[in-house]
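Participant: This is a predicted model, with the sequence first.
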Amino acid sequence: MIEDIFGGFMTWLTSHATLYWLSWIGVVLALIGVMVLVWSLLSVVRDFDEAHLIRQQRGPRAVRAKTIRRNIMKFEEYARHAVRTIALRTTGLILVGVGLPGLILALIAWNQPWFIPNEAVLLIDGAPASAHDQSVSELGIFILDQALRGGLSDAFEVFGLQLSAFQNNPENILFSSFTLGYRLICGLVVATILYVIGRIVLGYRNLNAAIAELKVELETAN
């Protein structure tokens, strides 16, 4: 009886329908994992709070040169550490937020007969095409093209630019929706990076102002 149950389970598990839906579940879980990773990478930006550090130094004015120098070193070390960490997290954000979803999109396009068997996902000169009709590098250029279209907004459409011979098939609603979602993700990543840059610039300005004030105090300290 146990063998019959196990045999029935393995038959179900290895059936085409089960493997098909497990593949799509894997895609969805991978996208959720990407979002979790992106959120964790953004935590360092949320934690970057130079105003809190400056507020900690307020209170009785330091009069000893040793204390003021220690405060200056604390500000400078905080700035170096924050910028170094944010730079690394931003690189990770590009790899995770752009690279992994792009890899998933390429995986679907390359295995189109399995994921979306009834309709071509790609076009070449308006005609249905398979990812296997071109090289893997051409598929990679198609993904890069979509990433840039999302990250640079309408610049590619305005100037009529196109990097790849491939285009998404607009009649394939499912794949086109994935392509649109990928473009939106890339746009959000670029917007986030711009926010990070602005946050660093503003934070550095505030820290430099606080350091300059401490150096003035240092000149008159005991």
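Facilitator: Perfect, I can see it now. Numbering: from 1, shown residues only.

Participant: Look up how far E77 lies from R70.
Facilitator: Note on R70: its distance to E77, by Cβ to Cβ, to the nearest Å, is 10 Å. All C-beta atoms are positioned from the backbone trio N, CA, C, and that covers glycine.

Participant: neighbour-wise, which of these two wins?
Facilitator: More neighbours surround R70 than the other of R70 and E77, with 13 against 10 (other Cβ atoms under 10 Å).

Participant: quick one: low-confidence ranges for the chain?
Facilitator: Counting by pLDDT under 70, the chain has low-confidence residues at 1-17, 43-63, 153-154, 158-160, 221-222.

Participant: Quick one: residues contacting the residue most central in space within it.
Facilitator: Geometric centre of the chain, nearest residue: G97, 2.0 Å, by Cα atoms, centre = their mean. Each residue near G97 by Cβ atoms under 8 Å, 6 or more residues apart in numbering is listed here: V34, V38, L41, I185, C186, L188, V189, T192.

Participant: Could you measure from the fourth one over to A155?
Facilitator: If I follow you right, that is I185. Distance from I185 to A155, by Cβ to Cβ: 17 Å.

Participant: Please say which of those two ends up with more neighbours.
Facilitator: Counted by other Cβ under 10 Å, I185 and A155 do not tie: I185 has more neighbours, with 23 against 11.

Participant: Can you say which helix or strand has that one in it?
Facilitator: Using DSSP states H and E, I185 maps to helix 173-219.

Participant: helices or strands next to that helix in the packing?
Facilitator: Judged by 3 or more Cβ pairs under 8 Å, 6 or more residues apart in numbering; DSSP states H and E, helix 173-219 is in contact with helix 16-47, helix 50-57, helix 65-94, helix 100-110, helix 136-151, strand 166-168.

Participant: Deepest-packed of the ones you listed, please.
Facilitator: Comparing the helices and strands packed on helix 173-219 by mean neighbour count (mean count of other Cβ atoms under 10 Å), strand 166-168 comes out on top with a mean of 21.

Participant: Partner strands of it, with direction?
Facilitator: Using DSSP bridges, the strands paired with strand 166-168 are strand 122-124 (antiparallel).

Participant: The partner strand: what's the following helix or strand?
Facilitator: strand 127-129.

Participant: Show residues contacting that next one.
Facilitator: Under Cβ under 8 Å, 6+ apart, the answer for strand 127-129 is A120, L122, L123, F166, N169.

Participant: Now that we have these, can you turn them into a markdown table and tack on distance to E213?
Facilitator: Formatted as a markdown table, the contacts of strand 127-129 follow (distance: Cβ to Cβ, whole Å):
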| residue | distance to E213 |
| --- | --- |
| A120 | 65 |
| L122 | 60 |
| L123 | 62 |
| F166 | 57 |
| N169 | 61 |
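
Participant: quick one: which of the residues you listed is nearest G102?
Facilitator: F166 (13.4 Å; Cβ to Cβ).

Participant: Which strand residues bridge that closest one?
Facilitator: In beta-bridge terms (that is, DSSP bridges), F166 pairs with I124.

Participant: From S23, how far off is it?
Facilitator: Distance of F166 to S23, computed by Cβ to Cβ: 22 Å.

Participant: again with W110
Facilitator: In this view, W110 and S23 are 13 Å apart by Cβ to Cβ.

Participant: Same question for R149.
Facilitator: Taking Cβ to Cβ, one finds R149 at 27 Å from S23.

Participant: what residues does stretch 161-181 touch?
Facilitator: Against stretch 161-181 from outside (Cβ under 8 Å, 6+ apart): 101, 105, 108-109, 112, 116, 119-125, 128-129, 131, 134, 138-139, 141-142, 144-146, 148, 155-156.
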